[in-house]
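Novice: I need the structure of the sequence given here:
(one chain, ligands or ions: 1)
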Amino acid sequence: MLFEQLDLSVAAGQLLQIAGKNGAGKSSLLRILAGLAQPEQGQLYFGTTPLRQVMPEFAANLCYIGHQSGVHEQLTARENIRFWHAATAEPQAIDDYALLGQLGLAGLEDIPCRMLSAGQQRRVSLARLWFTRRQLWILDEPFTALDQAAITMLQQHFLLHLQQGGAIVLTTHQRLTLVFEQLISLELAYRW
Ligand SMILES: Nc1ncnc2c1ncn2[C@@H]1O[C@H](COP(=O)(O)OP(=O)(O)OP(=O)(O)O)[C@@H](O)[C@H]1O
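Specialist: As a prediction, the model looks like this:
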């Protein structure tokens, strides 16, 4: 048993931060919240409807980034971004060079991602947060491998998303350094 009797909700404008030791069950809980795994017991709702009844609508509103970056290493940063953009049918056109420049990847747009550092690959992975219109972001350790400047930039982007009516669920081993007014903190106990 990783956790039991969890009763929580995340509304527009709120950030839910899940903390806990290695193995406490953070990623498992995120996968359940994203609809990728089933809890042994309990029910998830999207709005007032059980999640399993509205899975397509939920999936269309969800941007899930797991703790592996999801970057295809043989593709370039631009190719990865274009793939996600097409695969998620984002309505908004993107200027991929401008976006990658904003993320500190100018000059690295057209080389295979296997030649990028871990932090640079993480920046490529997170680039989709800059063009997605999806409201609910579920992010497993998004700060991993990022330097302090990138961590701050990402948190600023979180604030913008929350101000625009988005919601975020994330795990992190780090303290958030910016002020999130609608922050919900959940600490999972390690049970072994
Ligand atoms: N697919 C799986 N099958 C069986 N057990 C699993 C599976 N995935 C995770 N576990 C177990 O569930 C527990 C919680 O794992 P989980 O990845 O959710 O932890 P976590 O809190 O995210 O850890 P970390 O901080 O190290 O990322 C661990 O003991 C792990 O061995």
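
Novice: which residue sits closest to the most centrally placed residue in the chain, ignoring its sequence neighbours?
Specialist: Among the residues of the chain, the one closest to the centroid is Leu139, at 2.6 Å (CA atoms, centre = their mean). Nearest non-adjacent residue to Leu139, counting by CB to CB, 6 or more residues apart in numbering: Leu170, 4.3 Å away. In short, each C-beta sits where N, CA and C put it, glycine included.

Novice: next, the one you found: secondary structure please.
Specialist: Following DSSP: H, G, I helix; E, B strand; the rest coil, we place Leu170 in the strand state.

Novice: was I right about it contacting Gln14?
Specialist: No: when contacts are counted by CB atoms under 8 Å, Leu170 is not listed as touching Gln14 (11.6 Å).

Novice: comparing the two, which residue is more hemmed in?
Specialist: Leu170 (22 against 17; other CB atoms under 10 Å).

Novice: residue contacts, the more buried one?
Specialist: Going by CB atoms under 8 Å, 6 or more residues apart in numbering, Leu170 touches Leu15, Leu16, Gln17, Ile18, Trp137, Ile138, Leu139, Asp140, Glu141, Pro142.

Novice: output the helix or strand where the third one lies in PDB with nothing but the alpha carbons.
Specialist: In this case it means Gln17. If you go by DSSP states H and E, Gln17 is part of strand 15-20. C-alpha atoms of strand 15-20 as PDB (Å, rounded to 0.1, in the frame of the first residue of the first chain):
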ATOM      1  CA  LEU A  15      -1.000  24.200  -8.000                       C
ATOM      2  CA  LEU A  16      -0.800  20.900  -6.200                       C
ATOM      3  CA  GLN A  17       2.800  20.000  -5.100                       C
ATOM      4  CA  ILE A  18       3.400  16.400  -4.100                       C
ATOM      5  CA  ALA A  19       6.500  15.700  -2.100                       C
ATOM      6  CA  GLY A  20       7.900  12.600  -0.400                       C
END
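
Novice: now the next helix or strand after it against strand 15-20, angle please.
Specialist: Later in the chain than strand 15-20, the nearest helix or strand by DSSP H and E is helix 26-33. In terms of direction (axes from the mean of the first three to the mean of the last three CA atoms, to 10 degrees), helix 26-33 departs from strand 15-20 by 140 degrees.

Novice: still on that earlier bit, so what's the residue nearest to Leu139 bridging to?
Specialist: Gln17, Leu139 (DSSP bridges).
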